[in-house]
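**Q** Pasting the sequence and the predicted model now:
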Amino acid sequence: MANRVVLCIGTKKGLFVAESPKPRRRFALRGPFGPGVAVYSALIDTRGTPRLYASSCNAFFGMKVLRSNDLGKSFKETKSAPAFPKDDGRALANIWSLEPGDSKKDLLCGVEPAALFRSRDGGDSWEMVPGISNHEHARKWEPGNGGLCMHTILRDGKRVHLGISTGGHYMSEDGGETFAAANKGVGAGFTPDPYPEFGQCVHKIARHPAAPGRLYMQNHGGWAEWSRPGGPRPGIGVLRSDDYGRTWRSIADGLPSDFVFPIVVHPHNPDVVYVLPLAPYTRTCRRRRDC
């Protein structure tokens, strides 16, 4: 992959793979793979021999994980997909995130309803990670408009960060054995306590490898903010942490809106972050019906 660029594009019609030489003047497009089925997550795994992975979320035939060993020229289903134990009471509704694990064949997978799974053989078999999937808070999490999604997994050695909507930010410092809520400074205006221990509607968390202690978050404060005197509190939606996610502070000043979904760090500069504000929900609005 040193002399070419590979891009995975998930759509509701399947996965597309775009490939280009390094100058990126023109891309060749392949796909769709898993045609007609929504792809919510894809992973380009460059550990050892590069592999591509993608979720394939079919409401009728269940959830699948696709794998390519030839940089996206072809895909096959892995031997299994994450699944809750029969006596758990939860049923897999979607696959939201795929990330590398500890070793070359380890994978981590965040699903809906919010839970974490691990594969130690490149996606052919899966086990639930009980430290977060059976956390004491887990049965108290409630779905937002988009579901109860574990959409963010970030790893830095033994430290693992998870983003859950609507569960909040959880952190492990022992490789995923145990997790604790870490939401100090993260608002949830739709709850009686505007700064609860957990239950925030986190949309995404990002981290730059050159500054692992710094994290950026997009968090939806909730419509209750719009009914408070004086309108919404500034800065509830875009936040930054400089202590590995233990505490958070707003960096939303200057944005036309602090309601955003994606948040992406610059590829080289950890001081630069990109967001895409949802323009109708601007801070000039004072009432929900005005927005």
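**A** Received, thanks.
**Q** how many neighbours does residue 124 have?
**A** Residue 124 has 15 neighbours, counted by other Cβ atoms under 10 Å. For glycine as for every other residue, the C-beta is placed from the backbone atoms N, C-alpha and C.
**Q** Once you drop chain neighbours, what's closest to it?
**A** residue 79 (4.0 Å; Cβ to Cβ, 6 or more residues apart in numbering).
**Q** Kindly report the same for residue 107.
**A** Per Cβ to Cβ, 6+ apart, closest to residue 107 is residue 119, 4.4 Å.
**Q** which secondary structure elements does the strand or helix carrying residue 64 contact?
**A** Assessed by DSSP states H and E, residue 64 sits inside strand 62-68. Packing partners of strand 62-68 (3 or more Cβ pairs under 8 Å, 6 or more residues apart in numbering; DSSP states H and E): strand 51-58, strand 76-77, strand 94-100.
**Q** Run the chain-centre distance for that strand.
**A** 18 Å (Cα atoms, centre = their mean, to the nearest Å).
**Q** Stretch 38-53 too?
**A** That offset, for stretch 38-53, works out to 15 Å (Cα atoms, centre = their mean).
**Q** Rounded mean pLDDT for it, please.
**A** Averaging pLDDT along stretch 38-53 yields 94.
**Q** could you pull out the helices for the stretch 101-250 of the chain?
**A** Secondary structure of the stretch 101-250 of the chain by DSSP state H, counting those that start in this stretch: the helices cover 130-133.
**Q** Low-confidence stretches in it?
**A** Residues of the stretch 101-250 of the chain that meet the criterion pLDDT under 70 lie in 221-236.
**Q** The same query, at a cut-off of 50, please.
**A** 222-229, 232, 234-235 (pLDDT under 50).
**Q** Which residue ranges of it form strands?
**A** Using DSSP state E, counting those that start in this stretch, the strands of the stretch 101-250 of the chain run over 107-112, 115-119, 127-128, 149-156, 159-165, 168-172, 180-181, 201-207, 215-220, 238-241, 249-250.
**Q** tell me the pLDDT at the residue nearest to residue 124?
**A** 96.
**Q** Specify the local secondary structure of it.
**A** coil (DSSP: H, G, I helix; E, B strand; the rest coil).
**Q** my guess is it meets residue 119, correct?
**A** No: the pair residue 79 / residue 119 is not scored as a contact, 10.0 Å apart, by Cβ atoms under 8 Å.
**Q** ok so, going back, please produce a markdown table containing the strands of the stretch 101-250 of the chain, extended by distance to residue 274 and mean neighbour count.
**A** A markdown table is the format used below for those (distance: least, Cβ to Cβ, whole Å; neighbours: other Cβ atoms under 10 Å):
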| stretch | distance to residue 274 | mean neighbour count |
| --- | --- | --- |
| strand 107-112 | 22 | 26 |
| strand 115-119 | 27 | 22 |
| strand 127-128 | 34 | 16 |
| strand 149-156 | 16 | 22 |
| strand 159-165 | 17 | 26 |
| strand 168-172 | 20 | 24 |
| strand 180-181 | 27 | 18 |
| strand 201-207 | 9 | 23 |
| strand 215-220 | 10 | 27 |
| strand 238-241 | 11 | 22 |
| strand 249-250 | 17 | 15 |
